[in-house]
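> need a structure here:
(4 chains)
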Protein chains: 2
Amino acid sequence: MKARRDVFQALADPTRRAILLLIAAHATTPGALAEEFQSSRQAISKHIQILTECELVKQEKRGREIYYHINARKIDEVDKWIEQFRKIVDTQFNQLDKLLSTLKKQRK
Amino acid sequence: MKARRDVFQALADPTRRAILLLIAAHATTPGALAEEFQSSRQAISKHIQILTECELVKQEKRGREIYYHINARKIDEVDKWIEQFRKIVDTQFNQLDKLLSTLKKQRK
DNA sequence: GTCTTGCGCAACCAAATAATTGCATATACA
DNA sequence: TGTATATGCAATTATTTGGTTGCGCAAGAC
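You can find the predicted model right below:
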């Protein structure tokens, strides 16, 4: 567990998506979340760690418990990509060269 | 290469997102796509295969070439999830029980 | 104080993923 | 017909992922 930590990758796992919905509905602790899944507390904790690393959730330590909150703005990154994608599809974008140079920049 | 094949997982890989943008801009063949990346043709082909399996792109065989087209409707699945997520965040959704039973159904 | 609870951290493991390499096949072109 | 091109398929490999188990450490409960 180490490398690519972006929102897209975080959303790829169905358990993590479920966790996000639960936190969105009600700020919760790792233990409380784990009870909702068949996996262990540690497994859930790792998922939350990934969600925290890519800033989709933030922690609030309160006593010996940790409450997780949603950072909704991070989802905008996904929205932005989809919007860009849709725009290209819709306009049948023919400035291919422009797109290619954009992609090259992103790779660096 | 076998299991989970959904749109979220397909979008998790940055190369696949780039491929999608390229196809969106201009229907293309595997060979033409491979030239835009440093990876081999086979590597790109596998990515396209994944994108095809989850129906984000469709094939059109023409002679010995294969042209790929975008199936934009599949992206709606992501949109829908984000919309659901946003709705929960915005309303601070307190019918937690309802959400929990929804999640349980989805797991089956 | 002692005990229990709520966590994180590290080691470990099985399975999935991404990429390579080599080979097969079908179409175009000379 | 023979050769080059465009592609898929299968086997192999390194890395990443998702999960488990065991340990340790604070913060409340008694």
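> where does chain A come near DNA strand C, residue by residue?
A:T29, A:P30, A:G31, A:A32, A:R41, A:Q42, A:S45, A:I48, A:Q49, A:R64, A:E65, A:I66 (CB under 7 Å from any atom of the strand). Heads up, the C-betas are built off the backbone N, CA and C, glycines and all.
> The fifth one is in contact with A:P30, isn't it?
Just to be clear, that refers to A:R41. Yes: with contacts counted by CB atoms under 8 Å, A:R41 reaches A:P30, the gap being 6.2 Å.
> the longest helix in chain A is where?
Determined from DSSP state H, the single longest helix within chain A is helix A:76-91.
> what angle sits between that helix and helix B:76-91?
Interaxial angle of helix A:76-91 relative to helix B:76-91 (axes from the mean of the first three to the mean of the last three CA atoms, to 10 degrees): 140 degrees.
> For helix A:76-91, give the mean pLDDT please.
Mean pLDDT, helix A:76-91: 91.
> by contact count, what packs against it?
Judged by 3 or more CB pairs under 8 Å, 6 or more residues apart in numbering or on different chains; DSSP states H and E, the packing partners of helix A:76-91 are helix A:7-11, helix B:14-25, helix B:76-91.
> Please state the backbone phi and psi of A:A27?
With angles defined as degrees, to the nearest 10, A:A27 sits at phi -50, psi 130.
> Let me know the pLDDT of it.
pLDDT, A:A27: 82.
> for A:N71, same thing?
Looking at A:N71, its pLDDT is 94.
> what's near enough to touch it?
Shown in contact with A:N71 (CB atoms under 8 Å, 6 or more residues apart in numbering or on different chains): A:E55, A:L56, A:V57, A:K58.
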